[in-house]
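Student: no sequence on hand, only this structure:
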Ligand SMILES: Cc1cc2nc3c(=O)[nH]c(=O)nc-3n(C[C@H](O)[C@H](O)[C@H](O)COP(=O)(O)O)c2cc1C
């Protein structure tokens, strides 16, 4: 008995000795590593903080990086974050999942800041039985193959390259079920775009990816080949986008895989930077020439996408349209707000150039009305229109269609990690890293894409009915007011009196 307990004691003592030795060894190594880093920091010459505060200065960088996550999850209030706050994001997530979107107790949205839009409820709202689904709208009535667009809320341009293959697949399948269109963005047409079967708008960026010849010029042959796909319904010439007006698309080298390079018609592994503008379009006359050329070659509607901050060039354009005849007009104009998103953009352009949609949309609509072109040229609006209230606002201002990029990214599971330019997107949406992509299962996420689209339409319908109209397209400026100061709001039809309504 005592022999056994002596043996056990010796075993415990030896284990404790080993553990103590291990502990001293680990502490020794840790001290050695700390000393090494301390000396390395002290004698390096590139970072002042690390040179002045060796070792502990490094925590600054760690906390700076972690701060972004801590703020998002623990500290930021529901209505605080940018570009999209938690309340907006969670509405989009719940819509995409098709789960309860009702809220309790009271609104957390402040209704008093200047610029806040308040819809005007009717004394006698529309009954459910009188509600009408918006009918299809025809775009491009003068071209050989006009487009009957079924949905007023659609997927905005995001290139294959900026987006991963599973993301493009989920969007195209989701768009098909939602009966909405999907814009390719400027990276060309990939098999993943076609696979879902949805209507497609082919975007021609300034580098003309997917329709360029070996010198980078527009190839009629390739244009015809793209137009031959029955799914491709329209062509959008990209002049600019909100996040980077005056700068072409930027796809970092790490995202230019062999497949993406082949689709775009460029070398793999090299950053793909588009010119600041279409080299052959430097005047509104050349713009109209190009629109008419593409329309002739493809037989399909053609319009352009731009950030609009001044009207003089549009006045010249519309004067020229009237000169040449109404058929020559762009079939649509996609107007992107300065606060639009992107895969990658220089900060000075993202933060400081261009007008937000709140100001530019009424400018464009009123100008089209003034030239009697509003029914000829359809207005497609984008820029943070990711919840029903924003979509309804754009309709009241005169938009014919609304498109969203980041709303649909939320539907795909985007957590606003702000890493679209780094190939490290944790949700597999904007990365080509297969390990990160495997989390995004297209068959699952496509359902969320379709749900999100239909819940947006349902929410816009709720606002329309509350305003006393039977369908969202009947919303106009008299149905909303804007807060202009303490305790004061003004109806939008008084603030922006020019448009007649639509
Ligand atoms: C990841 C990503 C990629 C984009 N790629 C393009 C593009 O190729 N062409 C384009 O015109 N706009 C592109 N955009 C801009 C969107 O189409 C859209 O105009 C803008 O994000 C505003 O819509 P949103 O606020 O709903 O995101 C991209 C946006 C994102 C977030």
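Tutor: Structure's in. What do you need? As the structure is a computational prediction, the values presented were derived from the model and not from experiment.

Student: contacts and neighbour counts: CA atoms only from here.
Tutor: Noted.

Student: and the helix ranked longest in the chain, what's its mean pLDDT?
Tutor: Taking DSSP state H as the criterion, the chain has its longest helix at helix 2-43. The average pLDDT within helix 2-43 is 92.

Student: which element follows that helix toward the C-terminus?
Tutor: The helix or strand immediately downstream of helix 2-43 is helix 48-52, counting by DSSP states H and E.

Student: coming back round to it: helices or strands up against the longest helix of the chain?
Tutor: In terms of contacts (3 or more CA pairs under 8 Å, 6 or more residues apart in numbering; DSSP states H and E), helix 2-43 is packed against helix 48-52.

Student: show me what the helix it packs on is packed up against.
Tutor: Against helix 48-52 (3+ CA pairs under 8 Å, 6+ apart) you get helix 2-43.

Student: from the chain's centroid, how far away is the helix it packs on?
Tutor: Relative to its chain's centre, helix 2-43 lies at 54 Å (CA atoms, centre = their mean, to the nearest Å).

Student: how about stretch 413-427: buried residues?
Tutor: 413, 414, 416, 420, 421, 422, 423, 424, 425, 426, 427 (16 or more other CA atoms under 10 Å).

Student: turn those into CSV, columns for distance to the ligand, secondary structure and pLDDT.
Tutor: Listed next are those as CSV, based on distance: CA to the nearest ligand atom, whole Å; DSSP: H, G, I helix; E, B strand; the rest coil; pLDDT from 0 to 100:
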residue, distance to the ligand, secondary structure, pLDDT
413, 13, coil, 97
414, 10, coil, 97
416, 10, coil, 95
420, 6, coil, 94
421, 8, coil, 92
422, 11, coil, 91
423, 11, coil, 93
424, 13, coil, 94
425, 11, coil, 96
426, 14, coil, 96
427, 13, coil, 97
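
Student: go ahead and report the secondary structure state at the nearest residue to residue 491 once chain neighbours are set aside.
Tutor: Leaving out its chain neighbours, the residue that sits closest to residue 491 by CA to CA, 6 or more residues apart in numbering is residue 481, at 3.9 Å. Three-state call for residue 481 (DSSP: H, G, I helix; E, B strand; the rest coil): strand.

Student: list the beta-bridge partners for residue 481.
Tutor: Assessed by DSSP bridges, residue 481 has beta-bridge partners residue 118, residue 491.

Student: and it, what does it touch?
Tutor: Residues near residue 481 by CA atoms under 8 Å, 6 or more residues apart in numbering: 117, 118, 119, 120, 489, 490, 491, 492.

Student: who's in contact with the most centrally placed residue in the chain?
Tutor: Per CA atoms, centre = their mean, the C-alpha nearest to the average position across the chain is that of residue 405, at 2.7 Å. Residues in contact with residue 405, defined by CA under 8 Å, 6+ apart, are 155, 156, 157, 158, 341.

Student: before we move on, which element is residue 468 in?
Tutor: Here residue 468 is assigned to no helix or strand, by DSSP H and E.

Student: name the helix or strand for the residue lying closest to residue 476 once chain neighbours are set aside, please.
Tutor: Of all residues not flanking residue 476 in the chain, residue 396 sits nearest, at 3.8 Å (CA to CA, 6+ apart). Under the criterion of DSSP H and E, residue 396 resides in helix 388-397.

Student: give the other helices and strands that that helix contacts.
Tutor: So helix 388-397, by 3+ CA pairs under 8 Å, 6+ apart, packs with helix 357-370, strand 401-404, helix 442-466.

Student: now that helix and helix 442-466, what's the angle there?
Tutor: Angle, helix 388-397 to helix 442-466, by axes from the mean of the first three to the mean of the last three CA atoms, to 10 degrees: 60 degrees.

Student: compute the inter-axis angle for helix 388-397 and helix 357-370.
Tutor: Note on geometry: by the same axes, to 10 degrees, helix 388-397 and helix 357-370 are set 30 degrees apart in direction.

Student: who touches helix 388-397?
Tutor: 117, 361-362, 365, 381, 384-385, 401-402, 456-457, 459-460, 463-464, 472-473, 475-480.

Student: likewise stretch 378-385?
Tutor: 139, 156, 242, 331-341, 356-357, 361, 365, 390-391, 394, 398-404, 406-407.

Student: repeat for stretch 204-224
Tutor: Here stretch 204-224 has contacts from 185-189, 226, 235-239, 248-249, 263-265, 273-279, 294, 297-298, using CA under 8 Å, 6+ apart.

Student: which members of these are positioned in strands?
Tutor: Cross-referencing these against strands under DSSP state E gives 235, 236, 237, 238, 273.

Student: got the contact list for residue 185?
Tutor: 156, 157, 158, 159, 160, 202, 203, 204, 205.

Student: change it to 10 Å
Tutor: By CA atoms under 10 Å, 6 or more residues apart in numbering, the contact list for residue 185 reads 156-163, 201-205, 209, 236, 238, 249.

Student: one more: residue 372?
Tutor: Per CA under 10 Å, 6+ apart, neighbours of residue 372: 318, 322, 326, 366.

Student: filter those to the buried ones?
Tutor: 318, 326, 366.

Student: out of those, who's nearest residue 377?
Tutor: residue 326 (9.5 Å; CA to CA).

Student: for residue 23, grab the count of nearby residues.
Tutor: Number of residues near residue 23 (other CA atoms under 10 Å) recorded here: 12.

Student: any idea how far it is from residue 15?
Tutor: Between residue 23 and residue 15 the computed distance is 12 Å (CA to CA, to the nearest Å).

Student: try residue 366
Tutor: Applying CA to CA, the value for residue 366 to residue 15 is 84 Å.

Student: isn't residue 329 up against residue 291?
Tutor: Yes. Between residue 329 and residue 291 there is a contact under CA atoms under 10 Å: 8.4 Å.
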